[in-house]
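# my questions are about this predicted structure, shown below with the sequence.
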Amino acid sequence: MSSLPTQDLNEIQRRRTFAIISHPDAGKTTITEKLLLYGGAIHEAGEVKAKKERRSARSDWMKLEQERGISVSTSVMQFEYENLKINLLDTPGHADFSEDTYRTLAAVDSAVMILDNAKGVESQTRKLFEVCRMRRTPIFTFINKLDREGRSPFELMDEIEKILHIQCNPITWPIGMGKNFRGIYHRLHKKVILFKDQGFATDETEEIQIDSLQDEKLKTLIGDELHQQLLEDIELIDGAMETFDKKSFLSADITPVMFGSARTNFGIGAFLELFRDIAPSPSSQNTYEGTLVKPTDAFFSGFIFKIQANMDKMHRDRIIFLRICSGKFERGMYVKHARLGKEIRLSHSQQFLARDRSTIEEAYAGDIIGLHDTGVCKIGDTLYTGSQKIEFAGIPQFSPEHFAKVELADPLRRKQLNKGIFELCEEGTIQLFVDPRIGEQDPILGAVGILQFDVLIYRLRDEYGVDARLRQQPYKHARWVRYRDGRTNKPNPNEVKGTLTFLEDRLQNLVALFTSDFHLDWAVHNNSEILFLESMQAKVQN
């Protein structure tokens, strides 16, 4: 039984930690900022006065992000909403995002999937959804841009169910769309929320509680045609779908669907109310030993899911992002480093709102905190207190899709180049593959998204003073190579059939690179004893 004080247990129960996933331009950054507005964390969104003052979004902290108007790194923000303390992880939604996005999803208890009303489920959304599915993460769905013309809501939900294989349950339902958008009907609360388009954001909405959709007042407000359409839609939904079941949502079997327009703040309040009512509190975490660590356990524990170097370029800092899994954190406390087997002091602890940071004295299970690191920590490391050693299951590494070699303009900057590549690999910006016969002299770099190579070149120049260029490599796929029967030793490359190149990753795992879909498929079908893995979950090594 937990020996945490009641006050600490109550604090843990207040925590809600989630991420937003979307394809580019679905409205992720806009929704992120509107949520922060509702929570009082900021007083104006980056978009609101952009035309007049060219302000950049508050959640985009990197100069490159502000210049391009996109998110390429994960930001961590905390705000309060009613009695909840919410941790929001703002992940890159750009088509060329990084593995940082995948890893971030390991640190959340739920996710919000943003879809464009006109485009539906897009490629980036599918990738991120699959990562959530691997972890059985509960997912909310918010269909955005209802103030613009788009596809039928029935068509959108059918696409979600067919492509993502998860059942939809609409909580709100749109009344018209585009120029005829009049609002949403809240199926659970039996109320209509009317839409007033006043250009950009407005907090003013008119809510009408109704006993029946047949209410004459509703018919007068939205018009005969939309009223009849709403009656038919709701009758069809109520007849075809079961009542919303919170347990099915928490087990990731269904997704509650809501509609709105983030640009005008419409639907954000209704979403937050639903989030308040059903979002999961901090979940238990599995360890390598097969035990389950509960958030209410008295000992402190957490894992590192992100490393960010040079958030403050003037101080050359290195920040590790830690998800607290159990107990209470107190600044200055001593913890054990599971991989290194030594004690370290957590004296410099911070919370973030994009680049802005503030010192934090205490935090609880479910919270995300930043800690200064001198270079001893790696992604996937576990920190804990207590007499029993804890190591959480590792964070998966995902196969890159783009490959390049680095060419250095000034050979005398080789030391700075190596330092930059090493630190950016640690962050998850890029992956490093080497030929074990020649070492790290001529590595191949891999990236999940092509933009990460632009980020690499930008940050090498901006943070490390290195002018470099990339030479694209012909590879299309990377796969980790393992024996199918579970043997832990590396397969002999000479015994693997196919047209492929063998390299090793930073942890010395064997990796096969393929130049085409055909060569990959051929190798998979002609090596019965070998597994070619698209993702790799390995224990962090010294």
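Perfect, I can see it now.
# neighbouring strands for the helix or strand encompassing Val76, and are they parallel or not?
Under the criterion of DSSP states H and E, Val76 resides in strand 75-81. Neighbouring strands of strand 75-81 in its sheet, by DSSP bridges, are strand 84-90 (antiparallel).
# which residues touch the partner strand?
11, 14-20, 28-29, 32, 35-36, 39, 59, 71, 74-80, 104, 107-108, 276, 366-368 (Cβ atoms under 8 Å, 6 or more residues apart in numbering). Backbone N, C-alpha and C define where each C-beta goes, glycine included.
# how much space separates Asp521 from Phe433?
21 Å (Cβ to Cβ, to the nearest Å).
# cool, Glu401 as well?
For Glu401, the distance to Phe433 - Cβ to Cβ - is 13 Å.
# of Asp521 and Phe433, who's got more company?
Ranked by neighbour count (other Cβ atoms under 10 Å), Asp521 and Phe433 place Phe433 first, with 23 against 14.
# look up the closest residue to Lys342, ignoring the ones flanking it.
Leaving out its chain neighbours, the residue that sits closest to Lys342 by Cβ to Cβ, 6 or more residues apart in numbering is Lys336, at 7.4 Å.
# work out for me the element that neighbour sits within.
Counting by DSSP H and E, Lys336 is part of strand 333-337.
# okay, now the unreliable bits of the stretch 101-250 of the chain?
197-205 (pLDDT under 70).
# contacting residues around the closest residue to Phe129 other than its chain neighbours?
Excluding the flanking residues, the one nearest Phe129 by Cβ to Cβ, 6+ apart is Leu164, at 5.3 Å. With contacts defined as Cβ under 8 Å, 6+ apart, Leu164 is in contact with 121, 126, 129.
# Gln214 now?
Leu231.
# start at 135, not 1
Okay, residue one is now 135; in that scheme the one you just asked about reads as Gln348.
# in what helix or strand does it lie?
Following DSSP H and E, one finds Gln348 outside all helices and strands.
# roughly how far apart are it and Ser481?
With Cβ to Cβ as the criterion, Gln348 and Ser481 are 65 Å apart.
# quick check: the gap between the residue nearest to Lys476 and Ser521.
Distance from Lys470 to Ser521, by Cβ to Cβ: 10 Å.
# of the two, which one has the most company?
Lys470 (19 against 6).
# isn't that one up against Thr519?
Yes - in this structure Lys470 lies within contact range of Thr519 using Cβ atoms under 8 Å: 6.8 Å.
# let me see the ranges of the helices in this protein.
140-148, 162-173, 184-187, 197-202, 233-238, 257-268, 287-298, 350-356, 358-374, 380-384, 402-412, 548-561, 585-598, 651-660 (DSSP state H).
# so how far is Lys631 from Ile154?
43 Å.
# the two: who's more crowded?
A direct count of neighbours by other Cβ under 10 Å for Ile154 and Lys631 places Ile154 higher, at 25 against 11.
# averaged pLDDT, stretch 442-453. What do you get?
What stretch 442-453 shows for mean pLDDT is 65.
# please name the nearest non-neighbouring residue to Pro627.
Phe636 (4.3 Å).
# right, and that neighbour touches Val645 too?
Yes - counting by Cβ under 8 Å, Val645 is a contact partner of Phe636 at 7.2 Å.
# common neighbours of those two, please.
By Cβ under 8 Å, 6+ apart, the residues touching both Phe636 and Val645 are Val615.
# more crowded one of the two?
More neighbours surround Val645 than the other of Phe636 and Val645, with 25 against 19 (other Cβ under 10 Å).
# wait, what's in contact with that one?
The contact partners of Val645, by Cβ under 8 Å, 6+ apart, come to 567, 612-615, 636-639.
# of those residues - the most surrounded one?
Ala612 (26 neighbours).
# got the contact list for that one?
Ala612 touches 533-534, 537, 565, 567, 580, 645-648, counting by Cβ under 8 Å, 6+ apart.
# domains of the protein?
Using automatic domain parsing, the domain parsing of the chain gives 148-209+218-412, 419-518, 531-670.
# show me how far the first one is from its chain's centre.
From the chain centre to the centre of domain 148-209+218-412 is a distance of 16 Å (Cα atoms, centre = their mean, to the nearest Å).
# next one: the second one
Averaged C-alpha coordinates place domain 419-518 at 18 Å from its chain's average position (Cα atoms, centre = their mean).
# now do it: distance from first to last residue.
Its first and final residues considered, domain 419-518 spans 13 Å by Cα to Cα, to the nearest Å.
# now do the first one
Taking Cα to Cα, the span from the opening residue of domain 148-209+218-412 to its closing residue is 12 Å.
# distance of the spatially most distant residue from the centre of the chain relative to Ile578?
Most distant from the centre of the chain: Glu350, at 44.5 Å, with distances by Cα atoms, centre = their mean. Note on Glu350: its distance to Ile578, by Cβ to Cβ, is 70 Å.
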